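Undergrad: what follows is a predicted protein model with its sequence.
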Amino acid sequence: MGYIDTYRFWCEDPFFDADTKAELLAIRDDSKEIEDRFYKDLEFGTAGFRGVLGAGTNRMNVYTVAKASAGLAQYIISCGTEAMNRGVVICYDSRHFSPEFAEVTASTLAAYGVKVKLSDELRPVPVCSYSIRYYKAFAGVMITASHNPSKYNGYKVYGEDGGQVPPEAAEIILRSIKAITDIRTIKSLPLSEAMAAGLVVKYGEEVDKAYTEMLAGLVIDQESINRQADMSIVYTPLHGSGNKPVRRILDRVGFKNVHIVSEQEKPDGSFPTVSVPNPENPEALTMAIELAKKTDASLVFGTDPDSDRIGVAAKTVVDGQVTYKCFTGNQMGLLLLDYILDSKKKLGTLPENSFAVTTIVSTKLAASVCKAFGVELMETLTGFKFIGERIKLYDEEGDMHFQFGFEESYGYLSGVDVRDKDAVVAAMLICGMAAQSFDMGETLVDRLERVYAKYGYGFENSVSFTLEGKEGIEKIGSAMAQMRHEMETSENAADAQVLIGGPKVIAVRDYLNSIRYEFTEDGVKTSPITLPKSNVLLYELGGDKGLDWACARPSGTEPKLKVYFGIYDTSREAAESRLAEVKDQMTGFVKGKLGLV
């Protein structure tokens, strides 16, 4: 069936509700919009799917959610009765239709005999992950589109370890979804009937208490917190799900002077006070910083709608004027890594055989920090599910001890009872680190400078190119193919010199084909890459410390081509200067491949 036929089917068949039909009939004269909504099914990737809200097979709606849930149910059924009885934990955030999608998921799973524990109110990603492990559930579903604009929602699937579902299971679920050729055959059981039958049970307060106590056990320097309990802190949940859990843990560990941005406190899927509810963007903290000025706050932070990312700003003085510095995800990751390892070392609580995990596009200074404390650093592909896999393999099933994991996109994790990025534990640790810094007579800005002075200066940046719709996806795919072709046809160092329009390219890591290409005057040397396959090209640029790099990859959750840069030197000025140069050159190179210049 072509997309026009599918469009007509959705407009005419009595299976679809009146609002869906009205929405689709309103676009009857917009052929491009019809094509974009129906030319494919919303793609179920390695951990679920994310899409624009609306009617259509390529949109997020009750029908696509039910289809995904039916596929998940079939997978669980294939795993046996025990898996069905252990069931699925379902959570949701503050986005439009998140509660409704959660109920559709529960009703669909229950109709197939799969037991469900459904959150009785919105809760964030880390609580979903924790709940799966707490109840020993077989799987979990989180309804969220994380930090995307308000027109998006999503469906994330978790495995029994609380981490995002592994590739093998995701492939089986995908096959089960694709096997559903007629969505009218999908089973559904009204939620009231499912609850009466004991197939769906709502949960909440018990897990909240257990999660909070677990986090409290991860406090590193309680004495500093006690001495700085009145430290002024400003927090904004950005209309999301972090409000209650973040405030709960800060109160539990002793912070008594926490101010909330009232205009951004209540859940609201429209996110009316920000253009995008993403704490990676300094603009998202504008209202929080204004409140900080009024309350003389030393620390400002905000969490995204599903509270798995956190953005931070700290009070500082520049040229005699009080201002607030926003930290990058890499800077905060570096600070937290050093804080955790250094504090534990001094307290005698850092175990032998410890490890930390980061990603291939995160700061390379993490290796220097880990080396200083005798801790092994592991690198993974982008995506916190890979960090969760390392925790399971080396801590849960091995004899090593996980200390900290982070990725440049403002995601952090400490402890092993959550297997996804956790802005709630990060908030607690960041406030604790700030308290310790004040105890030492410094701000977090001072602390970062001290870390740079110890390990060397490193600065990272990224640029994203958004190209929506079918045409945008095709352009992104074509750009990556062009870059890969030029790299594969380079025969020596001279060819590689012009690969990205300026900086010398020493080697390229092609993670899609699992090959590292090293360019020498005599030719090209290849060696295997052992990480999973992914459509990523990472350019090794050398530099004074041999660590410089640039990277291009399509986003796994948004219609974007993302470009990253990292430059390292013994002086701030040299590193910042070269970063600006590489950023300009690489950005121009990628724009050309996308046809934007």
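TA: Yes, it's here. Numbering: from 1, shown residues only.
Undergrad: how is this structure divided into domains?
TA: Recorded structural domains for the chain (assignment: automatic domain parsing) are 40-203, 211-325, 330-455, 458-594.
Undergrad: now render the ones you listed as JSON lines, adding mean pLDDT and distance to Phe9.
TA: Bear in mind the C-beta positions are built from the backbone N, C-alpha and C, glycine included. JSON lines is the format used below for the domains of the chain (pLDDT from 0 to 100; distance: least, Cβ to Cβ, whole Å):
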{"stretch": "domain 40-203", "mean pLDDT": "96", "distance to Phe9": "10"}
{"stretch": "domain 211-325", "mean pLDDT": "97", "distance to Phe9": "29"}
{"stretch": "domain 330-455", "mean pLDDT": "97", "distance to Phe9": "35"}
{"stretch": "domain 458-594", "mean pLDDT": "90", "distance to Phe9": "20"}
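Undergrad: quick one, which of the ones you listed is nearest to Ile27?
TA: domain 40-203 (8.9 Å; Cβ to Cβ).
Undergrad: please name the nearest non-neighbouring residue to the residue of the chain most remote from its centre.
TA: Farthest-out residue of the chain from its mean C-alpha position, per Cα atoms, centre = their mean: Asp522, at 41.5 Å. Closest residue in space to Asp522, ignoring its immediate chain neighbours: Asn492 at 7.1 Å, by Cβ to Cβ, 6 or more residues apart in numbering.
Undergrad: hmm, back to that, CSV please, covering the domains of the chain and showing distance to Arg8.
TA: Below are the domains of the chain laid out as CSV (distance: least, Cβ to Cβ, whole Å):
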stretch, distance to Arg8
domain 40-203, 12
domain 211-325, 31
domain 330-455, 38
domain 458-594, 19
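Undergrad: how about stretch 271-280: buried residues?
TA: 271, 273-274, 276-280 (16 or more other Cβ atoms under 10 Å).
Undergrad: the residue farthest from the centre of the chain and Glu491 touch, don't they?
TA: No. Between Asp522 and Glu491 there is no contact under Cβ atoms under 8 Å: 10.1 Å.
Undergrad: which ones are touching the residue nearest to Asp522?
TA: Residues in contact with Asn492, defined by Cβ atoms under 8 Å, 6 or more residues apart in numbering, are 519-524.
Undergrad: tell me the most packed of these, by neighbour count.
TA: Neighbour tally across the contacts of Asn492 (other Cβ atoms under 10 Å): the maximum, 24 neighbours, falls on Phe519.
Undergrad: my read: that residue touches Val498, true?
TA: No. Counting by Cβ under 8 Å, Phe519 does not reach Val498; the two are 11.2 Å apart.
Undergrad: pull the CA atoms of stretch 396-416 into PDB?
TA: Provided in PDB are the C-alpha atoms of stretch 396-416 (Å, rounded to 0.1, in the frame of the first residue of the first chain):
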ATOM      1  CA  GLU A 396      27.300  -6.100  38.100                       C
ATOM      2  CA  GLU A 397      28.700  -9.200  36.400                       C
ATOM      3  CA  GLY A 398      32.500  -8.500  36.900                       C
ATOM      4  CA  ASP A 399      34.800  -7.600  39.700                       C
ATOM      5  CA  MET A 400      35.300  -3.900  38.900                       C
ATOM      6  CA  HIS A 401      33.600  -0.900  40.600                       C
ATOM      7  CA  PHE A 402      31.800   1.800  38.600                       C
ATOM      8  CA  GLN A 403      32.400   5.300  39.900                       C
ATOM      9  CA  PHE A 404      31.000   7.800  37.300                       C
ATOM     10  CA  GLY A 405      29.700   8.000  33.800                       C
ATOM     11  CA  PHE A 406      29.000  11.000  31.600                       C
ATOM     12  CA  GLU A 407      28.500  12.200  28.100                       C
ATOM     13  CA  GLU A 408      29.000  15.700  26.600                       C
ATOM     14  CA  SER A 409      25.300  16.200  26.200                       C
ATOM     15  CA  TYR A 410      24.800  17.100  29.900                       C
ATOM     16  CA  GLY A 411      24.100  13.500  31.100                       C
ATOM     17  CA  TYR A 412      25.700  12.100  34.300                       C
ATOM     18  CA  LEU A 413      25.400   9.000  36.500                       C
ATOM     19  CA  SER A 414      26.800   7.900  39.800                       C
ATOM     20  CA  GLY A 415      25.800   4.600  41.500                       C
ATOM     21  CA  VAL A 416      24.600   1.400  39.900                       C
END
